[in-house]
Structures are given as C-alpha cells and as structure tokens.
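> with the input below, show me the fold.
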Amino acid sequence: MTDALFTYVLRLADDAAILGQRLGEWCGHAPTLEEDIGLANVALDHVGQARALYSYAAEVEGKGRDEDQLCFLRVERAFRNCLLVEQPNGDFAQTIARQLFFSAFMLPFWEKLTGSSDATLSAIAAKAEKEAAYHLRHASEWTIRLGDGTAESHRRMQEAIDLLWPYTGELFEADDTVSELVAAGIAVDPQGLRAGWLATLSRVLEEATLTLPAQGWMQTGGRDGRHSESFGHLLSEMQYMQRAYPGHTW
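Numbers count the residues shown, from 1 in each chain. Modelled structure (predicted):
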C-alpha cells in the first residue's frame, strides 16, 4: 500500500508541477497585462499544489528526500505526469484548450478526493478544489470568447481543441495502483468522472460554437515515464538552478 500511495501522490504532484511550469512560460508574454498576471496566478496555484503533494510523497516514501529533490533532481523517465500537461504552450488558444481539458477533470477529481480516507490527501484536495473552480471558469470564459469571436479566433480555438484531444484519454486510465487505492477508499476512480467531464466540455464548447471531437485513438505513456519530445527541454529549464548549484535553497 505504501508504494501505491507514493506513486499515486507523485503522479498528482508531477501533473501540477509540470503544468505550473508550462503556464509560467507565459509570464511576460501573454496577450494582455491582465492575462499575464492571470496565467501567472494559475501557475502559482499549480506550483502550490505540487509543493504540498511532493512533501507528502516524500513523507510516504520515507527515504529522506524532500519536495525539491523530487521535483528538481529526478530524470525524465522518473516523472509520472500525464502527457496533456507537458504539451507545449503553442498559441494562446492551445494553452487555453489544455487548461480547459485539465481543469474540467480536476475540479470533480478534487471534489471527490476530499472524501478520501487519507486525511492529508483530503486536506490538500479541499484547498485545490477552490483553485480548480477558478481555473475552469477562467479557461471556459476564454474558450467561449475565442470560439465565438472572430473567424480567426474560432479557427484557432477549434484547431487547439482538435490537436490536444488525443491527450485527454490518459486522464481516465486506472492501473493496479489506482485500483488498489480506490478499493481502500483513498483514491478516486477516474472512470467515474468521465460523464461529468464530457458534459462540462459539451456545455462550454456549444456556447463557444465549437465542436467536441469524436472519441478515437488516444496517446498514452506519461504515467509510465514515456514522455513527449519537448519534455526534456522543459525539465532542463525547470531543473537548471538546482542542478547548477547543488543543494541550493530558497
């Protein structure tokens, strides 16, 4: 059970840390000043979630590692984040589509996890749920604004939805690790969130005059440490300071 819990918490931490890193790349480059601050705040929410989860993962592991070592001193194949969160920012529409897909899943996920029999995970989820509600509202509003905007913004938003859709299937995968923890009342069964996730997306995309892609083949591998080509470049930037100055602390 300890190994399964460590793996589960680490996956959640990696999701949050990598998405926080991607969103942080917009700092100073967003289309408006307000959105520059807005995306930075969303990034910080994810980094905060990652810190709490990495700290708990280190406690569960019991091998003397801390949050910094888990985030900054693991190699690419050791990361267990889903492929969706590591996808490059692309244009603004692609960033928004990525956030919409992820937040529409994480809001009900955190809501369910507040009922976990693991007190620490339940407490982390209670805080993250409030943040995810804002993340989903922010991404939904932008999706509608772009989809129901100009012909150009509509085209780009639909292309972003279509491009990232094949990376969403991994959100609902449940291996032996998840099944063991679900049976123990610790984890959330992701399959139970699919219907609500699709309903949320359908509602937002309908208002945005966009089309929900058809179900089909999905990318997978992130949970097993098999990542996209761009992931190594992301890690080289995210981990530079700690590797250049070993033992560096804030």
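> okay, the residue in the chain sticking out farthest from the centre and T211: tell me how far apart.
Distance from the C-alpha centroid of the chain, by Cα atoms, centre = their mean, peaks at A151 (29.3 Å). Distance, A151 to T211, by Cβ to Cβ, to the nearest Å: 15 Å. From N, CA and C alone the C-beta is placed, and that goes for glycine too.
> and for D14?
For D14, the distance to T211 - Cβ to Cβ - is 31 Å.
> neighbour count: the two, which is higher?
D14 (26 against 12; other Cβ atoms under 10 Å).
> how much space between the residue farthest from the centre of the chain and M157?
11 Å.
> tell me where this protein has helices.
2-24, 33-61, 67-72, 83-86, 92-113, 119-147, 151-164, 176-183, 194-207, 231-238, 240-244 (DSSP state H).
> reformat those as JSON lines; add mean pLDDT.
Below are the helices of the chain laid out as JSON lines (pLDDT from 0 to 100):
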{"stretch": "helix 2-24", "mean pLDDT": "97"}
{"stretch": "helix 33-61", "mean pLDDT": "93"}
{"stretch": "helix 67-72", "mean pLDDT": "94"}
{"stretch": "helix 83-86", "mean pLDDT": "98"}
{"stretch": "helix 92-113", "mean pLDDT": "98"}
{"stretch": "helix 119-147", "mean pLDDT": "98"}
{"stretch": "helix 151-164", "mean pLDDT": "98"}
{"stretch": "helix 176-183", "mean pLDDT": "97"}
{"stretch": "helix 194-207", "mean pLDDT": "98"}
{"stretch": "helix 231-238", "mean pLDDT": "93"}
{"stretch": "helix 240-244", "mean pLDDT": "89"}
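> dump these into TSV; add distance to Q215 as well.
Formatted as TSV, the helices of the chain follow (distance: least, Cβ to Cβ, whole Å):
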stretch	distance to Q215
helix 2-24	22
helix 33-61	28
helix 67-72	34
helix 83-86	16
helix 92-113	14
helix 119-147	20
helix 151-164	13
helix 176-183	21
helix 194-207	9
helix 231-238	26
helix 240-244	40
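> nearest residue to the middle of the chain?
D15 (4.3 Å).
> ok, now which ones touch the residue nearest to that residue when sequence neighbours are not counted?
Distance criterion Cβ to Cβ, 6 or more residues apart in numbering; nearest residue to D15, sequence neighbours excluded, is N81 at 4.8 Å. Contacts for N81 (Cβ atoms under 8 Å, 6 or more residues apart in numbering) come out as R11, D14, D15, A17, I18, L19, G222.
> quickly note the distance from the residue lying closest to the first one once chain neighbours are set aside to A17.
What sits nearest to R11 in space, not counting adjacent residues and going by Cβ to Cβ, 6+ apart, is R80, at 4.4 Å. Using Cβ to Cβ, one gets 11 Å for the distance from R80 to A17.
> also K112?
22 Å.
> Q94 too?
20 Å.
> who has more neighbours out of those two?
Neighbours were counted for Q94 and for A17 using other Cβ under 10 Å; A17 has more, 25 against 19.
> residue contacts, the nearest residue to that one once chain neighbours are set aside?
Distance criterion Cβ to Cβ, 6+ apart; nearest residue to A17, sequence neighbours excluded, is A50 at 3.8 Å. Contacts of A50 were listed using Cβ under 8 Å, 6+ apart, and they are A13, D14, A16, A17, G20, E67, C71.
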